[in-house]
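**Student:** give me a model of this one.
(one chain, ligands or ions: 1)
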Amino acid sequence: MTKEQTALDVACEQLCIAAEKLGLEPEIHEMLKYPKRSLIVSITVKMDDGGLGVFSGCRVQHWDARGPFKGGIRYHPNVTLSEVTALAMWMTWKCAVVDIPYGGAKGGVCCNPKKMSKGELERLTRRYTSLLLDFIGPYRDVPAPDVYTDAQTMAWIMDTYSQFKGYSVPECVTGKPISIGGSEGREEATSLGVVICAREAAKRIGLKLKGATLAVQGFGNVGWNAAKMAHDMGWKIVAVSDSVGGIYNPKGLDPRKVYEHKSKTGSVVNYKGCKKITNEELLETKCDILVPAALENQITKANADRIKAKIVAEGANGPTTPHADKALYEKGITLVPDILANAGGVTASYFEWVQNLTREHWTLEEVNRKLEIKMVKAFNDVCNLAKKENSDMRTAALMLGVGRVADAIRTLGLWP
Ligand code: NAD
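**Tutor:** Numbering: from 1, shown residues only. I've put the predicted structure just below:
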C-alpha cells in the first residue's frame, strides 16, 4: 500500500477544497483546521502475566458548534494522534451532512487487541475511561465503537462512567448492548447506510441491483454486515478481505458461511472454493460496487487508475485520497464519500442517545424507517449540490458539512 499522504493531510486538503468552493472566511477556515481540544493519556494496565502494560491513548474533540462531541474509539497498533485528529474532523462534517445535532470527536488507544485477553481489554477500557471522565458525558462528548472496539467495550465505558457518577448513565455512550440501553439496529446501522447509499447511487446511474457484483474490503462490523445485507437483497458478493488477505469467487460467496469460517479460523482467507487475493487485488476486482470497509488511504494515486467498480461506497473513513478522488471522477466512477456513506452509524447512535435520554425503546422497524429517511435525504442533498456545483459527491458533501458547521459558528459568535 502506498502511503502518499497521512489521513490528517487528506482531511486538511479536503477542508481547503470545501473552504475555497464555499468562499469561507479565512478565520473560520483557520478555526476548523484544528481541534478545539486534544487530550493525550497514558493508560497503565495490569496484564495477565502480572506485569504492567503502558499504552498511549487520546481523545480529540474537533468542533461542537452544532451539539455535543460524538465519535468512535479505535483500538489499533497504528493509532496516532494525527490519525485520530483526522477522524474527529471527519466526524464533525459527517454529523452535519446527516443533520444531527452533534460535533465531531474521536478516540484511540495504541494497542493490539488481537494479542490481549478479554480481562486485559476490560482493564484497559476502564482505565482509559477514568482518564477521560472530565471530558466525556451525555451533554459533552459521547463515544461509540470503531475499529476493534464493540458493544462490550461500550458496556465497560458505561459502567465505569456510571460507577463514578453513582447512578446509571446509559446516554454517556452509544453502540451498547441492547440489554443495557443499546438501540435496535445500531450494530448494522453503518452497513445499512452504506447499502442504502449504494442503492441510491445505482438508481442514479441506471445500474440494475439484482445480481450486481460487490467486493468488500474489511470483514468487521461494517464490511460483514454490508455483505450480509447486500446478499439478502440479491447482490452477488464476489470478493471479501480482512487484515490477513482476501478471497475471490466470481460465482458469488455466502457471507454468513464466510463469517462462520472467519469465526473458526480468525480470517476469511482459505475459505473453500475461492481464489486467494491480496487486499490490493481486492480493490482492483472487476465488480459493480466496491465497499472499502477497513482503514484509511487504500485508494490512492498508486491504484486509482486500476479501480474497475462503477460505484465506490465508502464504509471506512478516509479510504480514498484527494488525488484518487479526482482520478475516479474523471473515470466516471460514482464515489459516495465516507461522511455520507457511513453516516448511518452515527445516525443510529443519535437515535440511541435520544432513546436513552427519553427512557424509550424503539422497535427495529422504527429505527430503520427513521434511518432510511435520514440517509436518503442526505444522499439527495449531496447529489443535488454536486449537480448544482458540477462537482464530485465528496466535494458536495464537504461543502454541505463544512457549510453547516460554519453557519453554526457564525450564529454562536465568539466568546470571550
Ligand atoms: P472492525 O474492527 O469491526 O473491522 C475492521 C476490519 O478491517 C476487520 O475485518 C479487519 O480484519 C480489517 N482490516 C484491518 N486492517 C486491514 C488492512 N490493512 N487491510 C484490510 N482489512 C483490514 O471495524 P469497523 O467498525 O467495521 O470499522 C471499519 C471502518 O469503518 C473504519 O474505517 C471505521 O472508522 C469505519 N466506520 C465504522 C463505523 C461503526 O459503526 N463501526 C461507523 C462509521 C465508520
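**Student:** write out the residues of the stretch 101-250 of the chain neighbouring the ligand.
**Tutor:** 145-148, 190, 217-223, 241-243 (CB under 6 Å from any ligand atom). C-beta: built from backbone N, CA, C; applies to glycine.
**Student:** identify the farthest-apart pair in those residues.
**Tutor:** 145 and 241 (20.6 Å; CB to CB).
**Student:** which of those two has more neighbours?
**Tutor:** The neighbour count for residue 145 versus residue 241, taken as other CB atoms under 10 Å, is higher for residue 241 (30 against 26).
**Student:** test my guess that the more buried one contacts residue 284.
**Tutor:** No: the criterion here is CB atoms under 8 Å, and residue 241 misses it with residue 284 at 11.9 Å.
**Student:** now do the helices in the protein.
**Tutor:** For the chain, the helices defined by DSSP state H cover 7-22, 26-33, 81-97, 118-132, 151-165, 186-205, 221-232, 255-265, 279-283, 322-330, 338-341, 344-358, 364-389, 393-412.
**Student:** any idea which residue of the protein lies closest to the ligand?
**Tutor:** The ligand sits closest to residue 220 of the chain, with a gap of 1.6 Å, by CB to the nearest ligand atom.
**Student:** OK, contacts around that residue?
**Tutor:** Residue 220 makes contact with 147-148, 242, 293-294 under the criterion CB atoms under 8 Å, 6 or more residues apart in numbering.
**Student:** separation between it and residue 113?
**Tutor:** From residue 220 across to residue 113, the span is 12 Å (CB to CB, to the nearest Å).
**Student:** then residue 308?
**Tutor:** Taken as CB to CB, the span from residue 308 to residue 113 is 34 Å.
**Student:** between those two, which is the more surrounded one?
**Tutor:** The residue with more neighbours, out of residue 308 and residue 113, is residue 113; 19 against 14, by other CB under 10 Å.
**Student:** I'd say that one and residue 146 touch.
**Tutor:** No: judged on CB under 8 Å, residue 113 makes no contact with residue 146 at a distance of 11.8 Å.
**Student:** re earlier: among the contacts of residue 220, who's most crowded?
**Tutor:** Top of the contacts of residue 220 by neighbour count (other CB under 10 Å): residue 293, with 30 neighbours.
**Student:** let me know the pLDDT of it.
**Tutor:** Note on residue 293: pLDDT of 98.
**Student:** residue contacts, it?
**Tutor:** 194, 216-220, 222-223, 226, 315-316.
**Student:** mind saving the C-alpha coords of stretch 389-407 as PDB?
**Tutor:** C-alpha atoms of stretch 389-407 as PDB (Å, rounded to 0.1, in the frame of the first residue of the first chain):
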ATOM      1  CA  GLU A 389     -21.800  22.800  -8.400                       C
ATOM      2  CA  ASN A 390     -20.800  20.400 -11.200                       C
ATOM      3  CA  SER A 391     -18.600  18.600  -8.700                       C
ATOM      4  CA  ASP A 392     -18.000  15.100  -7.400                       C
ATOM      5  CA  MET A 393     -20.000  13.900  -4.400                       C
ATOM      6  CA  ARG A 394     -17.100  14.300  -2.000                       C
ATOM      7  CA  THR A 395     -16.800  18.000  -2.700                       C
ATOM      8  CA  ALA A 396     -20.500  18.400  -2.400                       C
ATOM      9  CA  ALA A 397     -20.700  16.500   0.900                       C
ATOM     10  CA  LEU A 398     -17.800  18.500   2.300                       C
ATOM     11  CA  MET A 399     -19.400  21.800   1.200                       C
ATOM     12  CA  LEU A 400     -22.700  20.700   2.900                       C
ATOM     13  CA  GLY A 401     -21.000  19.600   6.100                       C
ATOM     14  CA  VAL A 402     -18.400  22.400   6.400                       C
ATOM     15  CA  GLY A 403     -21.000  25.000   5.400                       C
ATOM     16  CA  ARG A 404     -23.400  23.900   8.100                       C
ATOM     17  CA  VAL A 405     -20.700  24.000  10.800                       C
ATOM     18  CA  ALA A 406     -19.500  27.400   9.600                       C
ATOM     19  CA  ASP A 407     -23.100  28.700   9.800                       C
END
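**Student:** ok now that stretch, how far from the chain's centre?
**Tutor:** Stretch 389-407 sits 18 Å away from the centroid of its parent chain (CA atoms, centre = their mean, to the nearest Å).
**Student:** how about stretch 141-161?
**Tutor:** For stretch 141-161, the distance to the chain centre is 15 Å (CA atoms, centre = their mean).
**Student:** quick one: buried residues of it?
**Tutor:** 141-151, 153-161 (16 or more other CB atoms under 10 Å).
**Student:** cool, and stretch 353-365?
**Tutor:** 353-356, 362.
**Student:** what's the span of that stretch from first residue to last?
**Tutor:** With CA to CA, to the nearest Å applied, stretch 353-365 spans 17 Å between its terminal residues.
**Student:** what is the rounded mean pLDDT of that stretch?
**Tutor:** pLDDT averaged over stretch 353-365 gives 98.
**Student:** can you list contacts of it?
**Tutor:** Contacts for stretch 353-365 (CB under 8 Å, 6+ apart): 138, 142, 170-171, 174, 181, 183-185, 351.
**Student:** can you tell if stretch 300-309 touches the ligand?
**Tutor:** No: against the ligand, stretch 300-309 shows no contacts by CB under 6 Å from any ligand atom, the least distance being 13.3 Å.
**Student:** and that stretch, C-alpha only, in PDB?
**Tutor:** Taking C-alpha atoms only, stretch 300-309 is exported to PDB below (Å, rounded to 0.1, in the frame of the first residue of the first chain):
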ATOM      1  CA  THR A 300      -4.500   6.300  -3.800                       C
ATOM      2  CA  LYS A 301      -2.600   7.800  -6.700                       C
ATOM      3  CA  ALA A 302      -0.900   4.300  -7.000                       C
ATOM      4  CA  ASN A 303      -4.000   2.300  -7.800                       C
ATOM      5  CA  ALA A 304      -6.900   4.700  -8.700                       C
ATOM      6  CA  ASP A 305      -6.400   4.000 -12.400                       C
ATOM      7  CA  ARG A 306      -7.000   0.300 -11.800                       C
ATOM      8  CA  ILE A 307     -10.300   0.600  -9.900                       C
ATOM      9  CA  LYS A 308     -13.000  -1.100 -12.000                       C
ATOM     10  CA  ALA A 309     -16.100  -0.700  -9.900                       C
END
